[in-house]
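Undergrad: Let's see this in three dimensions:
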Amino acid sequence: MTSDLQFRPTDPQFLLNPYPRLAKMRREAPVFYDKEQQCWMIFCYDMWNEY
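TA: Next up is the predicted model:
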């Protein structure tokens, strides 16, 4: 996980076009812990994984 990644869903630039940022998060940090917001964010989940 890259430590310089940030995700701010209320950022005006993000709100104008969220798709590039969401794609980057899926590629680089599909499960991401944001220390500032103190929460986990899930950007990619394989729901078809057989147990």
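
Undergrad: Excluding chain neighbours, give the residue nearest to F43 in space.
TA: Spatial nearest neighbour of F43, excluding adjacent residues (CB to CB, 6 or more residues apart in numbering): M25 at 4.2 Å. No exception for glycine: its C-beta is placed from N, CA and C like everyone else's.

Undergrad: isn't the one you found right next to I42, touching?
TA: No. With contacts counted by CB atoms under 8 Å, M25 stays clear of I42, the gap being 9.7 Å.

Undergrad: Show me which of those two is the more surrounded one.
TA: Set M25 next to I42 and count neighbours by other CB atoms under 10 Å: M25 wins out with 19 against 10.

Undergrad: pLDDT score for the more buried one?
TA: Per-residue confidence at M25 stands at 93 (pLDDT).

Undergrad: Now for Q6: which residues touch it?
TA: By CB atoms under 8 Å, 6 or more residues apart in numbering, Q6 lies in contact with 34, 36.

Undergrad: Mind telling me what element it is part of?
TA: If you go by DSSP states H and E, Q6 is not part of any helix or strand.

Undergrad: Show the backbone phi and psi for it.
TA: Here is the backbone geometry of Q6 (degrees, to the nearest 10): phi -140, psi 150.
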